[in-house]
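In: Just need the structure, nothing else, for what follows:
(4 chains)
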Protein chains: 2
Amino acid sequence: MLSKSCVYALRAIVYIGHNCSDTKKIGIKEIGEELELPFHFLSKILQRLVKHHIIQSTKGPHGGFYISEEAKQVNILRIIDIIDGLSFFEKCGLGLKECSETHPCPLHNDFKVFRDGLYHLFLKKTIADLVIKIEDGNAFISNLPQNK
Amino acid sequence: MLSKSCVYALRAIVYIGHNCSDTKKIGIKEIGEELELPFHFLSKILQRLVKHHIIQSTKGPHGGFYISEEAKQVNILRIIDIIDGLSFFEKCGLGLKECSETHPCPLHNDFKVFRDGLYHLFLKKTIADLVIKIEDGNAFISNLPQNK
DNA sequence: TAATAAAAAGACCTAAATATCTTTTATTAT
DNA sequence: ATAATAAAAGATATTTAGGTCTTTTTATTA
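Out: Residues are numbered from 1 along each chain as shown, chains lettered A, B, ... in the order given. Model prediction:
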C-alpha cells in the first residue's frame, strides 16, 4: 500500500526527530546505517522532504538533517501525499473508474470502511506521535527491513 | 494494495461467474473487451486460476472459461493468495522485520486494526457474494479501468 | 481427416520503482 | 585561500510489474 520510498521516508523522519537537537544534525550516512536503508536512495527521499519543508538540512562539515518541533506536528498523511500521492485513498478497490457512492462496485461499501479508516489514522497521527512511541520503547531501529 | 493482476483476476472471475452457464462458456476475447482488460495479460492470469482450480476451461470451438457453483464459494482471500500472496496481511506497516505484538513498531496497533479488518473481509466474501451484488445492479462493467 | 477455433505456453518488450555511481555545490575549519 | 565534509543534483543501472507477440496444443465441426 505504501511504497518503499514512503516507508523509508517515514522511518528516516522519525529517526531524525528522535535523534536531532539544536546542536546535533543527522547525516544520511548515519540514518542509512542505523535503519539499514540504501544511502543514495535515501538521499533522494530526504531531498524531497527538504523541498517540501518537512525537514531541513545544511551542507558542509557538521551538516546534516534536522526537524523543528513545529514540523513534527505534521501528519503522516502529508508525508504519504508528498512521496506516493493520495490516489490509494481515492481509488476503487477493484480499480473501477466510475465506482462511487451512487454507483458502487460489489466491494465498495465494505472496502471503504477500511480505506477511510486508514486515511483518518494517517491524518490524525503526527511525526511527533511516532517519535514519542519509540521513546516509550517501541520497536524501531535494530530491525532489518523486511525483504518482500 | 492489490496488484493489477489480482484486481483483473477478481473482475474476470466475477464476469465469468455472472455470464457462464452449463451451455455457455466465456472466451478471453469477450472478457477482455467487456472489462477493457489487455487480452494476453488476462490470458496469463486466467491460466493461473485454471491451474489452481478456481475456474475451468476447454479449448477449441465453443471453448472458453466457466466456473462451478462450488468454486463460486471460494473466498476472495484465496484469489489474492494465488495471485499476489498474502504478505501484505502479514507485514509491518513500516516494513520492519521484527515488528510484532510483543515488539511493535510505532504504528503497529493502529495499523493492525485495518489490516486485519481487510483480511477478514476478504476471508468472508466469496465470489458468489460479488456476483450477487452485480446482479442486484452494482457497478461492474461498462466502467473503464482506472488509470493510475 | 482437414480446417478452424480456442486456450496454453513461451519469448519478448515496456514502464515504473528501486538502487547505485559520479559530479557539483555549499559550508566549515584550518 | 585551501582542504575537508556533507548534501544536492544528475546520470545510469537493476528489478519488478505490466503488457504484447508468436507458436503450440487441444478440441470441435464440416
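In: Mind telling me what element A:Ser5 is part of?
Out: helix A:4-19 (DSSP states H and E).
In: Can that helix be said to contact DNA strand C?
Out: Yes: Helix A:4-19 lies within reach of DNA strand C by C-beta under 7 Å from any atom of the strand, at A:4-5, A:8. Every C-beta, even on glycine, is put in place using the N, C-alpha and C of the backbone.
In: Looking at neighbours, which among those residues is most surrounded?
Out: A:Tyr8 (25 neighbours; other C-beta atoms under 10 Å in any protein chain shown).
In: check contacts around that residue.
Out: With contact taken as C-beta atoms under 8 Å, 6 or more residues apart in numbering or on different chains, A:Tyr8 is in contact with A:35, A:37, A:41-42, A:45, B:95.
In: Any chance of the residues you listed in JSON lines with distance to B:Leu77, neighbour count and secondary structure as columns?
Out: As requested, the contacts of A:Tyr8 are exported to JSON lines (distance: C-beta to C-beta, whole Å; neighbours: other C-beta atoms under 10 Å in any protein chain shown; DSSP: H, G, I helix; E, B strand; the rest coil):
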{"residue": "A:Leu35", "distance to B:Leu77": "32", "neighbour count": "21", "secondary structure": "helix"}
{"residue": "A:Leu37", "distance to B:Leu77": "32", "neighbour count": "22", "secondary structure": "coil"}
{"residue": "A:Phe41", "distance to B:Leu77": "33", "neighbour count": "13", "secondary structure": "helix"}
{"residue": "A:Leu42", "distance to B:Leu77": "34", "neighbour count": "20", "secondary structure": "helix"}
{"residue": "A:Ile45", "distance to B:Leu77": "33", "neighbour count": "23", "secondary structure": "helix"}
{"residue": "B:Gly95", "distance to B:Leu77": "22", "neighbour count": "22", "secondary structure": "coil"}
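In: A:Lys125 contacts A:Val74, correct?
Out: No: A:Lys125 is beyond contact range of A:Val74, at 10.3 Å (criterion: C-beta atoms under 8 Å).
In: quick one: the helices in chain A?
Out: Along chain A, counting by DSSP state H, helices occupy A:4-19, A:28-35, A:39-51, A:76-83, A:87-90, A:108-124, A:127-135.
In: Reformat those as TSV; add distance to B:His62 and mean pLDDT.
Out: Formatted as TSV, the helices of chain A follow (distance: least, C-beta to C-beta, whole Å; pLDDT from 0 to 100):
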stretch	distance to B:His62	mean pLDDT
helix A:4-19	47	97
helix A:28-35	58	97
helix A:39-51	53	98
helix A:76-83	49	98
helix A:87-90	41	95
helix A:108-124	35	96
helix A:127-135	59	95
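In: looking at the ones you listed, which is buried most?
Out: helix A:4-19 (a mean of 22; mean count of other C-beta atoms under 10 Å in any protein chain shown).
In: Any idea how far that one is from the middle of the chain?
Out: Offset of helix A:4-19 from its chain centre (C-alpha atoms, centre = their mean, to the nearest Å): 6 Å.
In: Next, see if that helix gets close to DNA strand D.
Out: No: counting by C-beta under 7 Å from any atom of the strand, DNA strand D is not contacted by helix A:4-19; separation bottoms out at 10.0 Å.
In: CA atoms only for that helix, dumped as PDB, please.
Out: Listed in PDB are the C-alpha atoms of helix A:4-19, where the atom choice follows Å, rounded to 0.1, in the frame of the first residue of the first chain:
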ATOM      1  CA  LYS A   4       9.200   1.600  -0.100                       C
ATOM      2  CA  SER A   5      10.100   5.200  -0.700                       C
ATOM      3  CA  CYS A   6       7.300   6.300   1.600                       C
ATOM      4  CA  VAL A   7       8.100   3.800   4.400                       C
ATOM      5  CA  TYR A   8      11.800   4.800   4.200                       C
ATOM      6  CA  ALA A   9      10.700   8.500   4.400                       C
ATOM      7  CA  LEU A  10       8.600   7.900   7.500                       C
ATOM      8  CA  ARG A  11      11.300   5.900   9.200                       C
ATOM      9  CA  ALA A  12      14.000   8.400   8.400                       C
ATOM     10  CA  ILE A  13      11.900  11.300   9.600                       C
ATOM     11  CA  VAL A  14      11.200   9.500  12.900                       C
ATOM     12  CA  TYR A  15      14.900   8.700  13.300                       C
ATOM     13  CA  ILE A  16      15.800  12.400  12.700                       C
ATOM     14  CA  GLY A  17      13.000  13.500  15.000                       C
ATOM     15  CA  HIS A  18      14.300  11.200  17.700                       C
ATOM     16  CA  ASN A  19      18.000  12.000  17.400                       C
END
